[in-house]
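> using only what follows, build the 3D model:
(2 chains)
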Amino acid sequence: MKKISAIILFICFNALLILFEVHKQGQYLKISYEIQKLQTKLSELIQQKSEAMYILYKYQQPDIIKKIAEEKLAMKPIELKDVKTVYEITTKP
Amino acid sequence: MKSLQNLEHTRSFVIFLILVSLYGIIVTNLYKTQVKKESFFKNLGEKQYNFSTTTLPERAYIYDKNGTPIALNKNSYAAFILPKQVSDRSSIEKFLEINFPTAAQRLSESWDKNFFFISRKITTEEQDLITQANLTDIKILQEPSRFYPYKCLSPILGMTDIDNHGIMGLEQQYDAVLRGTETTHTLKKDARSNHFYFEKELIVQGTPSEPIKITIDADLQFKIAQIVEKTVHEFEAKEAALVIMDPKTGEISAMVSYPYFDANNIGQLDMEQTKNRPLSQSFETGSVIKVFCALAALEMEAVTLDEMINCENTKETKIDGIRVRTVVPHGTISYQEVIQKSNNIGTVKVAKRINTTLYDFYKLLGLGEPTGLNFPGENKGYVNPPSKWSAYSIISLSFGYEITTNLVQLARALSTIYNGGNLIEPLLVISSKEKAPAIEKTPLASEKTRRDLDAILQGYVESLGGRRARVKGYKVTGKTGTSNILENGKYNENKHLNTFIGYVEKGDYQRVITVYVKESKKAQYSAVITAPLFRKAAEILLLHDHIIL
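Residues are numbered from 1 along each chain as shown, chains lettered A, B, ... in the order given. From the prediction side, this is the model:
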């Protein structure tokens, strides 16, 4: 009886180890896939950021801004003689 | 009963034989696959499971002084086919003949190839055409390319080629830094899925791409480029260039070259427009060189500011048998006036006192020497060495002939007057690495010489000739120069190159500005062409940098 119990215990222990190993592999694969998904997402986001930067600076081209300022908003370039420093004098009440 | 037993034995034996034969076949096959063809199947298996990937980092941005991106990335698209796998050859040929005739011509000789580019960097319209044609054999590939928001920076930044490799300007100079290097991995994959891997092994570790930051202020550059362009059109000139430099640090905050090209649209590229003239164009400076000739004469104590020089009150004379001409005749005037009035006769008389030392000073001031920027296509100019001098050389060298320099060299040489007499290294790219401590060098010009030159140059701007360079409320110094352009070995008296080198100061704020305008049709004198351009540039600069009175 003792011998059978030892064998059963041994088999159960081994089966448990196998289960742990399978579980570990499963977890490893799951996390690995998760990392890969995130990496793919990251490269997509980098791509989108690059695209967004391109669009932003495409519309911020100084030639375009100057054209809009001068033609649509009737703005004129400022000259040095038009600018003066304003000194604010604050006095305590 | 016995025969029945025999039959059973025979049957068992036959079954045994069949089983043995089957096992034998299995073992033989196993031997063949596992031992004899081991390497073949091993390779086949590895090919199915192992995957090698090479990734190149995204090309890094180039930023201006304020951190504004001036070279970015964008996606461009390429159309391609796999000729050997094309299902409907006639439709492809018909489509290409109508929409991409050059590709159709190339394809007629490339049907035996595995891969064929129809066109790269295709336009949105071309992309729409391909989509509408609904030809599944034509595929679209996404490729990285560059975008430059500031066109006026194109001569400095250069551009990349179709494979996104830098081929001009800073894109070329810093190509290795901006590109980085490839990283290679081996992936163990599930044979059925191409999306995920089990293991990732690093084979070659690449280096990341690194952005670069330059000293140019993109907004200032844009504003300055506008006035340079306006001046070129106003005087119907061929080209113009301008440099703004901090005389103490050597930082270049604007470096304009006009005409420039649009690096975003290089369909018809004119190579002349790709030149970064402040560095790649060296020219005979004319009278601006008198500033450095005076520096050498004063430093050598060959003359003093108040020494009276006989300019012979004539437009033309002979010195040691050689004809010397000047624009306006003057009598006996002080050396200060000789330089301020730009009298060639007086300048030559003093230059002859220092003779070959003049050449040494020009070289010490960095004229005809590399600027240290290592910019692609930089032209370091030339100063005729004493070993090749003719009797005329000292005369030519004293008023800006037999010497060619570029605008950055002139800005650097002028900076010595305003930074304690040191020859600074011009700076275009801000390095993240710590700079080695500067070695104390003997100043090229003493304080007295610098003060005297400052007086000459300030006096020039306050005189009639330089009045158009004045900026009210600010200290401005400078000197104009006009030279004839050498054509087919002869100086063309109708073609000029007008220069102005000057300095603007308010308190601690100091900037050196050098400018040239080439082949102006509407005017001849620098006092009319380059002096006002200098003033406009100085005003824009002061306003931009908030140096307000």
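> and the contacts of stretch B:378-396?
For stretch B:378-396, the external contacting residues (C-beta atoms under 8 Å, 6 or more residues apart in numbering or on different chains) are B:279-282, B:319-322, B:324, B:348, B:351-352, B:355-356, B:358-359, B:362-363, B:367-371, B:397, B:402-406, B:409. In this view, the C-beta of every residue, glycine as well, is placed from N, C-alpha and C.
> can you tell me which of these are buried?
Neighbour counting by 16 or more other C-beta atoms under 10 Å in any protein chain shown classes B:279-282, B:324, B:348, B:351-352, B:358-359, B:362, B:367-369, B:371, B:397, B:402-406, B:409 among those as buried.
> quick check: B:Q127 touching B:L141?
No. B:Q127 is beyond contact range of B:L141, at 11.3 Å (criterion: C-beta atoms under 8 Å).
> okay, and the common contacts of those two?
The contact lists of B:Q127 and B:L141 share B:77, B:79, where a contact means C-beta under 8 Å, 6+ apart.
> might you list the low-confidence residue ranges for chain A?
Low-confidence segments of chain A, defined by pLDDT under 70, span residues A:1, A:85-93.
> near chain B, which residues of it?
A:29, A:32-33, A:36, A:46-47, A:50-51, A:53-54, A:57-58, A:60-63, A:66, A:78-81, A:83-85 (C-beta under 8 Å from any C-beta of the partner chain).
> sort out for me which of the residues you listed are in helices.
A:29, A:32-33, A:36, A:46-47, A:50-51, A:53-54, A:57-58, A:62-63, A:66 (DSSP state H).
> domains of chain B?
B:55-93+B:114-214, B:218-544 (automatic domain parsing).
> mind checking the SS state of residue 42?
With no chain named, the answer covers chain A. helix (DSSP: H, G, I helix; E, B strand; the rest coil).
> that was the other one, I meant chain B.
From three-state DSSP, the assignment for B:K42 is helix.
> likewise B:T404?
strand.
> with B:V324 instead?
When the rule is three-state DSSP, B:V324 gets the label strand.
> contacting residues around it?
Counting by C-beta under 8 Å, 6+ apart, B:V324 touches B:316-318, B:344-345, B:348, B:395.
> and which of those residues is nearest to chain A?
Closest to chain A out of the contacts of B:V324 is B:N344 (35.0 Å), distances taken as C-beta to the nearest C-beta.
> nearest spatial neighbour of that closest one, chain-adjacent residues omitted?
B:T326 (4.0 Å; C-beta to C-beta, 6 or more residues apart in numbering or on different chains).
> distance between the ends of stretch B:97-110?
15 Å (C-alpha to C-alpha, to the nearest Å).
> residues in contact with that stretch: which ones?
Taking C-beta under 8 Å, 6+ apart as the rule, stretch B:97-110 contacts B:79, B:81, B:83, B:92-93, B:96, B:116-119, B:126, B:129, B:133.
> state the pLDDT value of the residue nearest the centre of chain B.
Geometric centre of chain B, nearest residue: B:G169, 2.3 Å, by C-alpha atoms, centre = their mean. For B:G169, the pLDDT comes out at 96.
> and residue 78, how many neighbours?
The chain I'm using is chain A. 10 (other C-beta atoms under 10 Å in any protein chain shown).
> to clarify, I was referring to chain B.
16.
> could you grab the helix/strand/coil label for it?
Going by three-state DSSP: B:A78 is strand.
> ok so, going back, list only buried entries from the contacts of B:V324.
By 16+ other C-beta under 10 Å, the contacts of B:V324 give B:317, B:344-345, B:348, B:395 as buried.
> got the residues you listed as JSON lines, with distance to B:V243 columns?
What follows is those, written out as JSON lines (distance: C-beta to C-beta, whole Å):
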{"residue": "B:T317", "distance to B:V243": "36"}
{"residue": "B:N344", "distance to B:V243": "26"}
{"residue": "B:I345", "distance to B:V243": "31"}
{"residue": "B:V348", "distance to B:V243": "29"}
{"residue": "B:I395", "distance to B:V243": "28"}
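> return the subset of those residues lying in strands.
Counted as lying in strands by DSSP state E, out of the buried ones among the contacts of B:V324, are B:T317.
> redo the buried ones among the contacts of B:V324 as a markdown table? Include pLDDT.
Shown next, in a markdown table, are the buried ones among the contacts of B:V324 (pLDDT from 0 to 100):
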| residue | pLDDT |
| --- | --- |
| B:T317 | 93 |
| B:N344 | 94 |
| B:I345 | 95 |
| B:V348 | 95 |
| B:I395 | 94 |
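> by proximity to chain A, which residue of the stretch 151-300 of chain B wins?
Using C-beta to the nearest C-beta, B:F222 is the residue of the stretch 151-300 of chain B that sits closest to chain A, at 4.5 Å.
> helix or strand: which one has that residue?
Assigning secondary structure by DSSP states H and E places B:F222 in helix B:218-234.
> so where is the stretch 401-549 of chain B shaky, pLDDT-wise?
B:432-440.
> if I look at whatever residue of it ends up closest to chain A, how far off is A:L80?
The stretch 401-549 of chain B approaches chain A most closely through B:E539 (4.1 Å), counting by C-beta to the nearest C-beta. According to C-beta to C-beta, to the nearest Å, B:E539 and A:L80 sit 4 Å apart.
> okay, and the common contacts of those two?
B:V471.
> list of residues touching stretch B:118-132?
So stretch B:118-132 is contacted by B:76-81, B:96, B:99-100, B:103, B:107, B:138, B:140, B:143, B:145, B:162 (C-beta under 8 Å, 6+ apart).
> which ChimeraX command selects the buried ones in those?
Here is the ChimeraX command that selects the buried residues among the contacts of stretch B:118-132 (16+ other C-beta under 10 Å):
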select /B:76,77,78,79,80,81,96,99,100,103,107,138,145
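> still on that earlier bit, the more surrounded of B:E539 and A:L80?
Neighbour tally, B:E539 and A:L80, criterion other C-beta under 10 Å: the higher count belongs to A:L80, 21 against 18.
> among the buried ones among the contacts of B:V324, which are in helices?
Among the buried ones among the contacts of B:V324, the ones falling in helices (DSSP H) are B:344-345, B:348, B:395.
> of the domains of chain B, flag the one that's most buried.
For the domains of chain B, the largest average neighbour count (mean count of other C-beta atoms under 10 Å in any protein chain shown) is found in domain B:218-544, namely a mean of 20.
> straight-line length of it, end to end?
End-to-end distance for domain B:218-544: 11 Å, by C-alpha to C-alpha.
> what's the offset of that domain from the middle of its chain?
22 Å (C-alpha atoms, centre = their mean, to the nearest Å).
> residue 54: how many residues sit nearby?
Went with chain A since none was named. The burial count for A:Y54: 19, using other C-beta under 10 Å.
> sorry, I should have been clearer: chain B.
Counted by other C-beta under 10 Å, the residues lying close to B:T54 total 11.
> any idea what it is bridged to?
Beta-bridge pairing for B:T54 (DSSP bridges): B:T184.
> contacting residues around it?
Applying C-beta under 8 Å, 6+ apart, we find B:T54 in contact with B:182-184.
> recalculate using a threshold of 10 Å.
B:182-185, B:203-204, B:206 (C-beta atoms under 10 Å, 6 or more residues apart in numbering or on different chains).
> could you report the neighbour count for A:Q48?
10.
> any idea how far it is from A:Y57?
Taken as C-beta to C-beta, the span from A:Q48 to A:Y57 is 15 Å.
> who's in contact with B:E493?
The contact partners of B:E493, taken as C-beta under 10 Å, 6+ apart, are B:484-485, B:524.
> mind doing that once more with 8 Å?
Applying C-beta under 8 Å, 6+ apart to B:E493 gives the contacts B:N484.
> rewinding a little: just put the domains of chain B in CSV and tack on distance to B:Q34.
Formatted as CSV, the domains of chain B follow (distance: least, C-beta to C-beta, whole Å):
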stretch, distance to B:Q34
domain B:55-93+B:114-214, 20
domain B:218-544, 57
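> which one of those domains lies closest to B:V20?
domain B:55-93+B:114-214 (34.7 Å; C-beta to C-beta).
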